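Colleague: what follows is a predicted structure for the sequence shown.
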Amino acid sequence: MAADHDIDELLACLRGRSLAVLTGAGISTESGIPDYRGPTTRARAKDPMRFAEYNASGVGRARYWVRAMVGWPSFAAARPNAGHRALAQLEARGIVGGLVTQNVDRLHHAAGSQTIVELHGALHEVRCLDCGAVEPRAHVQARLSELNPHVHAAVAEMLRPDGDAELPAAWVEGFRVPACLACGGTIKPDVVFFGESVPPTKVEGAYALVERAEALLVVGSSLTVFSGYRFVRRAAERGLPIAIVNLGETRGDPYATVRVDAPAGAVLTAVTDALAS
């Protein structure tokens with residue numbers, strides 16, 4: 001938990017202002033979803049699937065889907081934690097005007113947040129690259145299991161960020177990837193892979209939330225990726241107070257009015273309780 005003076009500084013930055021919130025993977029680690037760049041994962045994290053490889057290589061797609069098949073049950077079973085719930089409560093009270101998330105886990109929705117821009121999409125839908133048809137991820141999971149009954153569930157040590165899992169190379173051999181039910185084309189989770197661009201409509205929606213806000217709260221993001229960092233830059237250009245709650249340093253630290261190095265759940269709960277009083 002953060003020191004009392006850290007919470008006091010954070011409250012001084014946020015109190016009486018309408019907030020835009022930017023969240024990253026660090027808010028979901030307390031729900032059991034690993035992150036890419038947290039203090040405990042940075043040293044062992046491997047590069048995620050890149051779009052160019054997925055699009056061009058049947059072997060690459062098989063490697064993605066065998067890992068996704070094994071990782072999905074734990075990912076889908078994750079539930080919102082205190083940090084997600086606190087942000088939803090702040091929105092319900094009119095303090096948070098909207099939320100931009102880099103996460104693909106839909107935990108903000110499950111917690112009750114309403115105004116959400118999912119910068120990178122969500123793993124809960126799968127889209128055909130050829131015809132655009134959308135299929136629920138849970139349905140694809142059932143088809144993966146039918147085609148690949150030999151694939152076993154992963155142990156916790158195998159799980160990686162974004163519903164992925166780290167598996168032996170031998171598990172990829174002979175793995176069958178289902179095709180689009182509508183056209184027989186190539187399916188892909190409806191998320192932005194590394195090497196893809198965030199859709200312009202989502203970028204515009206996120207900028208609009210920052211433009212309407214009186215302060216920006218960043219939670220659980222190292223801001224290494226430009227897709228989120230740009231909104232910190234915009235808030236700084238507007239002269240908005242910027243509060244960052246994250247375990248470890250971030251790319252946005254030079255712009256921060258206040259920075260709290262502590263787990264998100266406890267900090268956001270304390271902020272919510274204080275702002276309600």
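Modeller: Arrived safely. Numbers count the residues shown, from 1 in each chain.
Colleague: my read is that Gln114 contacts Leu90, right?
Modeller: No - taking contact to mean Cβ atoms under 8 Å, the distance of 11.6 Å between Gln114 and Leu90 leaves them out of contact. For glycine as for every other residue, the C-beta is placed from the backbone atoms N, C-alpha and C.
Colleague: run a quick neighbour tally on Gly16.
Modeller: Using other Cβ atoms under 10 Å, Gly16 has 10 neighbouring residues.
Colleague: now do the same for it: helix, strand or coil?
Modeller: Assigned with DSSP: H, G, I helix; E, B strand; the rest coil, Gly16 falls in the coil class.
Colleague: same deal with Ala243?
Modeller: Local secondary structure at Ala243 is given as strand here, using three-state DSSP.
Colleague: so for Gln114 and Leu90, which sits in the more crowded spot?
Modeller: For the pair Gln114 and Leu90, the greater number of neighbours falls to Leu90 (23 against 12), based on other Cβ under 10 Å.
Colleague: in contact with the more buried one, which residues?
Modeller: Applying Cβ atoms under 8 Å, 6 or more residues apart in numbering, one finds that Leu90 lies in contact with Leu19, Val96, Val271, Thr272, Leu275.
Colleague: measure the first one to Glu237 for me?
Modeller: Computed as Cβ to Cβ, to the nearest Å, the Leu19 to Glu237 distance reads 17 Å.
Colleague: I figured Ser222 hits Asp253, correct?
Modeller: No - contact between Ser222 and Asp253 fails when scored by Cβ under 8 Å: they sit 9.9 Å apart.
Colleague: where in the stretch 151-277 of the chain is pLDDT low?
Modeller: 153-171 (pLDDT under 70).
Colleague: let me see the ranges of the strands in it.
Modeller: With strands called from DSSP state E, counting those that start in this stretch, the stretch 151-277 of the chain shows them at 159-160, 164-165, 187-191, 215-219, 242-245, 258-260.
Colleague: leaving out sequence neighbours, find the closest residue to Ala20.
Modeller: Counting by Cβ to Cβ, 6 or more residues apart in numbering, the nearest residue to Ala20 once its immediate chain neighbours are dropped is Ala213, at 3.6 Å.
Colleague: pretty sure that neighbour contacts Ser18?
Modeller: Yes - A contact is recorded between Ala213 and Ser18 when judged using Cβ under 8 Å, the distance being 5.6 Å.
Colleague: find residues that contact each of those two.
Modeller: By Cβ under 8 Å, 6+ apart, the residues touching both Ala213 and Ser18 are Gly97.
Colleague: so who does Ala122 touch?
Modeller: For Ala122, the set of contacting residues under the criterion of Cβ under 8 Å, 6+ apart consists of Val104, Asp105, Arg106, Asp190, Val191.
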